[in-house]
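>>> A predicted structure for the sequence below; I have some questions about it.
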Amino acid sequence: MTSRNGTTKAAANPTRLYLSTERSGGYFHLKATVVEIRPDDDYSVKTWGKVRNVEMSGGRYVDDLEVTSQGNDEDRERSTSGRQLYGWEIQYRAAFVRLEKAEHMIKTLKAIEKDLARMTAKIGRPLSFGQYLGRVAISLGCVGFVVKHGKGRGEWGYDADDHRFLSIADGIEQADFMVREWAAEGLEATSVEG
């Protein structure tokens, strides 16, 4: 890509929301972080490229940004509707933050909230956490989602796993499927115990 002053500027690598789950202390968390897909030198192994952390996406500061939700495993016993996610939020998980970085974080969070409010006013509230993630992906300029898919080449980090690359629509469905899978697990546990 050529800039206005005639110099060549490399195009940014595409960014995606990386879906993962975490279980701790009787709680289920579906999380999404922003990653970029860098070209892979060995296309015989991975045709989509390498998954890597990224600092900026769509002009927004996304290093350490996390979209998270929480569900309680015990909801299967306390609620007739079973397990459900609650507590959707966007946050930064940074350990040390200097003023300049904090200002970028605040600017990004405000921009995302403004975009989400605009989308809600136009098309209504998201009906699921997957839809919420889809709206965050759009706000951040992401082209889709990434989800772990089996084990990869035995390396560490993102390279340790194979990945599926999904469109935003398919990523919404994948996130909702991960929630339904967790909820169904709770129903199965209730029927076994009962």
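Sure, I can see it. Numbering: from 1, shown residues only.
>>> state the number of residues packed around D64.
Applying other CB atoms under 10 Å, we find 17 residues neighbouring D64. Glycine gets a C-beta too; all of them are placed from N, C-alpha and C.
>>> same check on the one 4 residues further on?
Applying other CB under 10 Å, we find 18 other residues in the vicinity of T68.
>>> so it sits right up against T33, yeah?
No. T68 lies out of contact with T33 (CB atoms under 8 Å); the separation is 9.4 Å.
>>> measure stretch 49-56 end to end?
With CA to CA, to the nearest Å as the measure, the first residue of stretch 49-56 is 18 Å from its last.
>>> hmm, who's touching that stretch?
With contacts defined as CB atoms under 8 Å, 6 or more residues apart in numbering, stretch 49-56 is touched by 12-13, 15, 18, 33-40, 61-63, 146, 158-159, 163.
>>> please redo it, this time with the cut-off set to 7 Å
15, 18, 34-40, 61-63, 146, 158-159, 163 (CB atoms under 7 Å, 6 or more residues apart in numbering).
>>> look at the residue positioned nearest the centre of the chain and give its secondary structure.
When CA atoms, centre = their mean is applied to the chain, the residue found nearest the centroid is A32 (2.2 Å). Following DSSP: H, G, I helix; E, B strand; the rest coil, the label given to A32 is strand.
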